[in-house]
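S.K.: Here is a sequence with its predicted model. Questions after.
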Amino acid sequence: MYTTDLRSAEEKRKAARAKVVEDPEKLAEFQARIDRDEFIEPKDWMPEAYRRTLIRQISQHAHSEIVGMLPEGNWITRAPTFRRKLILLAKVQDEAGHGLYLYSAAETLGVARDELVDQLHEGKAKYSTIFNYPTLTWADIGAIGWLVDGAAITNQIPLCRCSYGPYARAMQRICKEESFHQRQGYEAMAALMRGSKEQRRMAQDAMNRWWWPALMMFGPPDSVSIHSAQSMKWKIKRYSNDELRQRFIDATVPQAHAIGLEVPDPELKFNEETGHWETGPIDWDEFWAVVAGDGPCNYDRMDARRSAHDEGAWVREAAAAHAAKRAGTRAA
Amino acid sequence: MGALATNTVERTLDQDRFDYLLHLGDNALVLGQRMSEWVGHAPALELEMAVSNLALDLIGEAQLWLDLAGRIEGEGRDADRLANFRDALDFRNLLIVEQPNGDWAFTVARHYLFSLQHLAVVERLSESRDEEIADIARKVRPEIAYHVKFARSWIERLGDGTEESHARLQRAIDRLWRFTGEMFAPDAIEERLADEGIAPDLRTLEADWRAEVEQVFEASGGLDIPEVKRMTLGGREGHHSEHLGHLLCELQFLQRAYPGLEW
């Protein structure tokens, strides 16, 4: 989800042109290690393309965690009870923590966090499209936990066995927390569905708005996702976008029905033969438009991140100046 | 409820305890709400972690005080009810905690000046004759001790950081100082509870508070304590700044718009 390749065809062509010629012997040895399911560690030799793919994927994941704090943060001050406010605060705090581990994992590949954050703020790095949708009612907080974090776990569990050690270890920790997020979201939706007519309306409306964007989080269909083959070979990716999407649909549709929510898809049907739920077509034009910057909240999200960063510049400078003075005093 | 009643009718100890617990709970709730406004907008990723921690501690603390207040009142109001269905006139928090976040210097100065008093109060309350109050105080004391440590470290960093950070911090202190007098000015309720050995005598806490503030300011690039001709009071009587009403609009929105529901 947070890790889908969101580059345009032009961006991919440009990256391909920058290809480095690698020593075939080293390459073969590297691939043999991967095939034996060994973890690759930061000081190990790795092909430049492997390193670049991981930096792109891990940093995009980190950016998604940080931008993802905004739509949920929108409801912290309005959470309806102490319990819900404490859960939401803890959840958003976890996301900041995930961002921190992931930036650290990316730094093991020889890139600085500041550089990655600058790429985000300059619009050169991507983050998950889902966070460009607005949180309009309290039910959106339940829907995000249940659907967005549910999709995240589906995608991230296989990443716990990703070939790059620091990323796999970060994912193991993150997955534990995500599963709490998913459960609290579903529980919040269930509470609304047990409630008043207004609460059920909020919940269904949130379902209607978040369902399709949640399915898009797994990325374009396999038929057009040309980038996956190399990532599969390197065991950075273990299942295709469509496989993971199907796994999520099969798990989620019965959950929706169990609490009385309708899935906003008139073509949705259960295929007795395959044992899978089949959905109607996903609107990929919407997906690519949001990736390209035309989602409802792209500008708001980037403005919020940039202004937090810019307004915090004097604070970071002061902290650095103070640390330097302290170090100077100790040295003297 | 409300300070006016204290002048006109005989009050029971439980009424005093109730009002005092609202004061403790509202301080934590309102400051926790302010701190949570930073989430997603903090100056650095590490500070995102910190502000959400501070907010979690304070909101958790508020729930403990307000739940106890509700039990003492005995009318079926719990912390949620008390937080969501009182207007500003019935909020008893100190004015300093409701002041808007401003920049990071303002937030840090507010947090330092209040948390230092908060810690002294909670330390005394952990030896209160009222066991229920003492239990809560003992539970939250280590958290508030951390708040003081965190805020103090930022006073030092900003005070002795750059020229800009020093100037911003001094400006924040100049604006906030008028609200510090209220932290050590007990009302009749707190005086009676102090006589009973339940609450601390606030006036005995001021000298230590002031001594630490002077020392830390001196060590932080020489921050000045401003001269204020008149301290602004009123929080305990429900006479707040203009800011509290807006904070409550957000805090109480869902419960007021859809009363009586489970969430």
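M.R.: On my side now, so go ahead.
S.K.: how about the residues of the stretch 51-200 of chain A near chain B?
M.R.: Within the stretch 51-200 of chain A, the positions adjacent to chain B are A:66, A:69-70, A:73, A:76-82, A:84-86, A:89-90, A:92-93, A:96-97, A:99-100, A:103, A:113, A:138, A:188, A:191-192, A:194-196, A:198-199 by CB under 8 Å from any CB of the partner chain. To be clear about C-beta, it is placed using only N, CA and C from the backbone, and glycine gets the same treatment.
S.K.: hmm, try it at 7 Å
M.R.: By the rule CB under 7 Å from any CB of the partner chain, the part of the stretch 51-200 of chain A lying against chain B is A:69-70, A:73, A:76-78, A:80-82, A:84-86, A:89-90, A:92-93, A:96-97, A:99-100, A:138, A:191, A:195-196, A:198-199.
S.K.: Quick one: buried ones out of those?
M.R.: Buried members of those, counted by 16 or more other CB atoms under 10 Å in any protein chain shown: A:69-70, A:73, A:76-78, A:80-82, A:84-86, A:89-90, A:92-93, A:96-97, A:99-100, A:138, A:191, A:195, A:199.
S.K.: from those residues, which ones fall inside helices?
M.R.: The helices, defined by DSSP state H, take in A:69-70, A:73, A:82, A:84-86, A:89-90, A:92-93, A:96-97, A:99-100, A:191, A:199 from those.
S.K.: pLDDT below threshold where in chain A?
M.R.: The model of chain A has pLDDT under 70 over residues A:1, A:16-18, A:226-227, A:332.
S.K.: Try it again at 80.
M.R.: A:1-20, A:225-228, A:330-332 (pLDDT under 80).
S.K.: Got phi/psi on A:Ile40?
M.R.: For A:Ile40, the backbone dihedrals (degrees, to the nearest 10) come out as phi -90, psi 130.
S.K.: again but with A:Lys269, I slipped
M.R.: Main-chain torsions, A:Lys269, degrees, to the nearest 10: phi -150, psi 150.
S.K.: now swap in A:Phe270 and tell me
M.R.: When read as degrees, to the nearest 10, the backbone of A:Phe270 gives phi -90, psi 130.
S.K.: How much space separates the residue nearest to it when sequence neighbours are not counted from A:Cys162?
M.R.: Distances taken as CB to CB, 6 or more residues apart in numbering or on different chains put A:Trp277 closest to A:Phe270, at 5.5 Å, once the chain neighbours are dropped. Counting by CB to CB, to the nearest Å, the separation of A:Trp277 from A:Cys162 is 28 Å.
S.K.: The nearest residue to A:Val290 once chain neighbours are set aside: what's it in contact with?
M.R.: Leaving aside its chain neighbours, A:Val290 sits nearest to A:Thr129 (4.4 Å; criterion: CB to CB, 6+ apart). Contact analysis of A:Thr129 by CB atoms under 7 Å, 6 or more residues apart in numbering or on different chains lists A:216, A:287, A:290-291, A:295.
S.K.: was I right about the residue nearest to A:Phe270 contacting A:Val263?
M.R.: No - using CB atoms under 7 Å, A:Trp277 is not in contact with A:Val263; the gap is 8.6 Å.
S.K.: Now do the shared contacts for those two.
M.R.: Contact with both A:Trp277 and A:Val263 is made by residues A:Val253, according to CB under 7 Å, 6+ apart.
S.K.: contacts for stretch A:258-276?
M.R.: The contact list for stretch A:258-276 (CB under 7 Å, 6+ apart) reads A:189-190, A:193, A:203-204, A:207-208, A:211, A:246, A:250, A:253, A:256, A:277-280.
S.K.: Report pLDDT for B:Thr6.
M.R.: Looking at B:Thr6, its pLDDT is 50.
S.K.: before we move on, what SS does A:Thr274 have?
M.R.: Of the three states, A:Thr274 takes coil according to DSSP: H, G, I helix; E, B strand; the rest coil.
S.K.: which one is A:Val240 nearest to, not counting chain neighbours?
M.R.: Quick fix: residue A:240 is Ser, not Val. A:Ser240's closest residue in space is A:Asp222 (CB to CB, 6+ apart), at 4.7 Å.
S.K.: Noted, bye for now.
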